[in-house]
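Student: need a 3D model of the sequence below.
(one chain, ligands or ions: 2)
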Amino acid sequence: MTGANDHEIRALKAALREEALARRDALPAQTRARAADVLAGHADMFPVDATTVVSGFWPIRSEIDPRPLLEALAARGATIVLPAVIDRRTIVFRHYEPDVALLEGSFGTFAPGPDAEPLDPALMLMPLAAFDDAGNRIGYGAGYYDRAIARLHEAGHRPRLVGLAFECQRVAAVPAQPHDVPLDTVLTENGLQEFARRG
Ligand SMILES: Nc1nc2c(c(=O)[nH]1)N(C=O)[C@@H](CNc1ccc(C(=O)N[C@@H](CCC(=O)O)C(=O)O)cc1)CN2
Ligand SMILES: Nc1ncnc2c1ncn2[C@@H]1O[C@H](COP(=O)(O)OP(=O)(O)OP(=O)(O)O)[C@@H](O)[C@H]1O
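Tutor: Numbers count the residues shown, from 1 in each chain. Ligands and ions are numbered 1, 2, ... in the order given. The predicted model follows:
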């Protein structure tokens, strides 16, 4: 890929991100609360048991709230982990237990501290800014998730990637770059959508 093309893709992604986040920010409280409940109502669609490590996230800004869904999965025995930013390029996933205090990290995120056990998720419930009908996603632009997934792939793991989002974050097409790892599934207030599994 040429430098100019890459530059154009980045600019297009930035514009799509900004527009989708503005739509997400504008959602009324009732829509958000209902969406969180709808997500939790789909917990049975995920094959988890007491051996499954599931990554969630502690919602920031206007992100959809995955916590009721995480609680439902934990009730079925799943181990929940949350992303912790450890440097400008890296997130690790740390064991989340409801009674342990979360520490505030970069960008207003909250995560378990360094005493919490790091674990690799088999099911990743991922935040996103925008997504399309092929499962391409855009995050906040830091590349944390894309790098974390690349690392898991290198270690021989193929976690199932599930984006959690509002329908207003759906766009016609996300221009994918070589490092972008597409979603297997997206779950919105309208339900689950499976994408063709690649690789
Ligand atoms: N809830 C939640 N937790 C998460 C993430 C996430 O997307 N959501 N992350 C997913 O990676 C990691 C944190 N990464 C983040 C990266 C950037 C921004 C952010 O708000 N960026 C600013 C730009 C900052 C700058 O570059 O100056 C922005 O978008 O305006 C937030 C989180 C780990 N934890
Ligand atoms: N596997 C990777 N190895 C090295 N750099 C990467 C990798 N994945 C992403 N990056 C870098 O991270 C930066 C941000 O990428 P991108 O715009 O795709 O982020 P994003 O999808 O919005 O973020 P995220 O994946 O954290 O949600 C880019 O400069 C990209 O080159």
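Student: hey, let's count contacts and neighbours off CA atoms from now on
Tutor: Will do.
Student: contact partners for Leu102?
Tutor: Shown here is Leu102, whose contacts under the criterion CA atoms under 8 Å, 6 or more residues apart in numbering are 110-113.
Student: what's the neighbour count on Ala11?
Tutor: Neighbouring residues of Ala11 were enumerated by other CA atoms under 10 Å; the total is 12.
Student: just the pLDDT for it.
Tutor: Per-residue pLDDT puts Ala11 at 96.
Student: same thing with Ala22?
Tutor: 98.
Student: could you pull up phi and psi at it?
Tutor: Backbone dihedrals for Ala22, given as degrees, to the nearest 10, come out at phi -70, psi -40.
Student: helices and strands around the helix or strand hosting Ala84, which ones?
Tutor: Counting by DSSP states H and E, the element that carries Ala84 is strand 79-85. Contacts of strand 79-85 with other secondary structure elements, assessed using 3 or more CA pairs under 8 Å, 6 or more residues apart in numbering; DSSP states H and E, are made with strand 53-55, strand 91-95, strand 110-111.
Student: could you identify which of those strands is most buried?
Tutor: Each of those was given a mean neighbour count from mean count of other CA atoms under 10 Å, and the largest, a mean of 25, is that of strand 53-55.
Student: is that one in proximity to ligand 2?
Tutor: No - among the residues of strand 53-55, none lie within reach of ligand 2 under CA under 6 Å from any ligand atom; the closest is 14.0 Å away.
Student: let me know whether that strand sits next to ligand 1.
Tutor: No - Strand 53-55 lies apart from ligand 1 when judged by CA under 6 Å from any ligand atom; the minimum separation is 10.6 Å.
Student: got it, and stretch 156-167?
Tutor: No - using CA under 6 Å from any ligand atom, stretch 156-167 stays clear of ligand 1, with a minimum separation of 10.7 Å.
Student: which parts of that stretch are buried?
Tutor: Counting neighbours by 16 or more other CA atoms under 10 Å, one finds that the buried residues in stretch 156-167 are 159-167.
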